[in-house]
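Q: return a 3D structure for these sequence lines:
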Amino acid sequence: MAQVLAIAGPFQSGCPVSLQQTLAIATVTPSASSSAPFTVPQVTIDLSQSLNAAAPQVLTYSFSVPSNASSYCPSSTSTSTGTSTGATTSTGTVASGSSYCPLVPAILYSPGSAMATIEFVAGTGFYPVQVTVTDANGGTSSQVIVLAYQAPGGATLPPGTGGLSSSGVASGAGTGTGSSTGTGSTMIRH
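A: Next up, the predicted model:
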């Protein structure tokens, strides 16, 4: 690769396409269901399989709650409370409203570590977490992962709510999951 870059060097100034790409690969354990929220009080996000496609480099990792966390809430966020009467009377609340998203998780990790433990400390709801991988050249790839948690005995999330969804926030021209043509992309493994 170094030989190819040396030969291409004089021509790179007019080339608008970056020859390097950072790929963030996030593995969430336990595995997420596409049709049911997490029911365990914490999960682990592992970025250790992330890489720089151009050459092996030292990568740095960070985990945070995105500043615009509410924009990652499911589109059907409304709270419904109802009472049914008949032979018995019951009252219930479905957890899909703004009080359930965004919730702020406890993010436990050591600086530089590729792994973080995400604790669902606020009960049932949706927890957005932004993961970022940065290479030695400053190329970054970020992804917002929204984790849905159903607490035992807590309000009920809407039927079919999956444990994990994601939205790309890669810097440069790339966004989404999988590979991109920009400086970053992200892939989520469930």
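Q: from here on, just use CA atoms for contacts and neighbour counts.
A: Fine.
Q: for this protein, give me the ranges with low pLDDT.
A: Applying pLDDT under 70 to the chain flags the ranges 1-20, 53-56, 76-99, 167-190.
Q: if we go to 50?
A: Applying pLDDT under 50 to the chain picks out residues 1-19, 77-97, 169-190.
Q: strands along that one, start to end?
A: 22-29, 42-46, 51-52, 60-64, 80-84, 90-94, 106-108, 115-119, 125-134, 140-149, 164-168, 184-189 (DSSP state E).
Q: mind listing residues that contact the second one?
A: For strand 42-46, contacts defined as C-alpha atoms under 8 Å, 6 or more residues apart in numbering pick out 26-30, 114-120.
Q: try 10 Å
A: Under the criterion C-alpha atoms under 10 Å, 6 or more residues apart in numbering, residues 25-32, 61, 63, 105-109, 113-121, 129, 131, 145, 147, 149, 188-189 lie in contact with strand 42-46.
Q: and it, which strands flank it?
A: Under the criterion DSSP bridges, strand 42-46 sits next to strand 22-29 (antiparallel), strand 115-119 (antiparallel) in its sheet.
Q: buried residues, the first one. List them.
A: Residues of strand 22-29 classed as buried: 22-28 (neighbour count, 16 or more other C-alpha atoms under 10 Å).
Q: so which of these is the closest to residue 140?
A: Among those, residue 22 lies closest to residue 140 (C-alpha to C-alpha), at 6.3 Å.
Q: beta partners of that closest one?
A: residue 52, residue 184.
Q: can you tell me how far it is from residue 45?
A: 18 Å (C-alpha to C-alpha, to the nearest Å).
Q: with residue 150 instead?
A: The value you get for residue 150 to residue 45, if C-alpha to C-alpha is used, is 18 Å.
Q: also residue 30?
A: For residue 30 relative to residue 45 (C-alpha to C-alpha), the value is 9 Å.
Q: who has more neighbours out of the two?
A: residue 45 (24 against 13; other C-alpha atoms under 10 Å).
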